[in-house]
Structure formats: C-alpha cells, structure tokens
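Engineer: Build me a structure from this.
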Amino acid sequence: MKTVITALAVACFLCGAGLSTTITVVPIFEPLSLHGTDGDEVISDSGEALQACVMSRPMAMTGAFPEVLVDAIRSPHLIPTNNPNYKVQETNLLVICNIGISAEMTPKGLMVKLDVSQLTIPPGIDLTSRQILKLAIVALRKTLEEYQRPQPRPLAVIMTVEGAEEGKAGLRDLGSKFSVGENPKVD
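Structural biologist: Now for the predicted structure:
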C-alpha cells in the first residue's frame with residue numbers, strides 16, 4: 001500500500017510539473033540552403049545573390065528565453081514538398097556545415113557564440129564560410145528582434161566567432177556588439 005501511495009504521489013508531482021511548463025509558439029529565423037531547388041541567385045538578406053536565404057518557421061518553445069531561441073536557430077530543417085524529385089534531407093546551413101551556435105545571458109547582455117571549429121562546406125553548397133556566417137547573423141538578429149519587440153527594454157547582444165584558427169582566422173571579424181528592441185543601437 002505504501003508503494004502505491006508513493007507511486008501516486010510521484011505521478012501527481014510529475015503531472016503537475018508538466019502542466020506548469022509554459023510553451024510558447026515563436027518564429028525562429030534560420031539560414032537555409034536552397035540547393036536542390038530552382039531558387040538560384042536569390043538576393044539574400046545580406047544583400048548578395050546566393051542560393052540561400054533566411055526564412056522563419058514557427059516553433060513551440062519552452063525554456064530560458066532568449067537563450068533557447070538562439071539554440072533553435074540551428075534546428076534540423078527538412079523542407080516539406082509535394083515534388084517527389086526534391087530529395088534534400090537538410091536545409092539549415094548551420095547543420096549542413098557543422099557550425100555551432102549557443103547563448104548565455106550575463107550581466108553584460110546576451111553572449112552568443114558561433115563555433116566554426118568543425119566548419120566544413122560539403123560539395124553542392126556553393127557558398128563561402130563568410131557568406132554562411134553572414135546569413136546566420138541575419139537569422140540571429142531577426143529571431144532576437146522578433147522576440148524583443150514586446151519587451152520593455154532593449155537587449156544587448158555580444159556575438160563572438162569561436163574556433164576561427166588558421167585558415168578560418170578571417171572569420172573572427174564577424175563578431176559584433178548590437179542591441180535589439182526599443183531604441184536599438186549598433187556598435
């Protein structure tokens with residue numbers, strides 16, 4: 001009998017914990033490859049003609065915002081299709097090219113790290129490392145701007161490029177500081 005009561009208490013606790021979790025549907029912007037489509041030479045948000053773009057999709061999210069939003073930018077993304085000839089298994093450039101992205105809230109603001117230590121661009125992706133990172137930065141800014149819109153104060157963002165050694169050292173200069181939300185400032 002004691003075991004049954006304990007099991008019921010644990011079940012009630014777990015159900016209560018599950019019900020108290022807040023789930024919010026938010027737009028997440030992602031840098032997407034258009035390989036396998038006829039979408040060649042799309043003018044991207046970075047102002048370049050690329051076979052890539054930044055698009056949003058809704059995601060049901062729970063957890064520490066805005067850090068969890070940054071993590072979601074690297075979510076695997078298979079574009080739904082009605083064409084049996086479209087066989088692309090992944091379109092998110094951060095996943096395809098093995099670029100990490102993470103964030104942590106600090107007293108200085110949101111610290112975002114783009115990790116390029118494992119960066120590899122597979123054949124068929126006609127983009128440079130710099131173009132891919134610029135698209136990722138556009139996706140980051142758009143995601144955070146959308147989140148920050150109803151917030152009462154601006155959010156300071158400090159972005160760094162980690163793992164940029166040897167041949168990738170030139171990517172470090174893409175790190176930046178900016179603010180999103182009310183009265184945004186660009187440093």
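
Engineer: Would you mind measuring from the one residue sitting closest to the centre of the chain to Ala52?
Structural biologist: Taking Cα atoms, centre = their mean, the centroid of the chain lies closest to Ile73, which sits 1.4 Å from it. Plainly put, Ile73 is 14 Å away from Ala52 if you go by Cβ to Cβ, to the nearest Å. Where you see a C-beta, it was placed from the backbone N, CA and C, and this is true even at glycine.

Engineer: Please identify the buried residues of the longest helix along the chain?
Structural biologist: Looking across the chain with DSSP state H, the single longest helix is helix 129-148. With burial defined by 16 or more other Cβ atoms under 10 Å, the residues of helix 129-148 counted as buried are 129, 131-144, 146-148.

Engineer: Next, the contact list for the spatially closest residue to the residue nearest to the centre of the chain that is not a sequence neighbour, please.
Structural biologist: Distance criterion Cβ to Cβ, 6 or more residues apart in numbering; nearest residue to Ile73, sequence neighbours excluded, is Ala139 at 5.3 Å. Contacts for Ala139 were tallied using Cβ atoms under 8 Å, 6 or more residues apart in numbering; they are 29-31, 54, 73.

Engineer: Can you show me the helices along this protein?
Structural biologist: 2-19, 67-72, 93-96, 129-148.

Engineer: and the last one, average pLDDT?
Structural biologist: Per-region confidence: helix 129-148 scores 95 on mean pLDDT.

Engineer: just checking, Ser129 touches Ala169?
Structural biologist: No: the pair Ser129 and Ala169 does not pass the contact test of Cβ atoms under 8 Å, sitting 11.2 Å apart.
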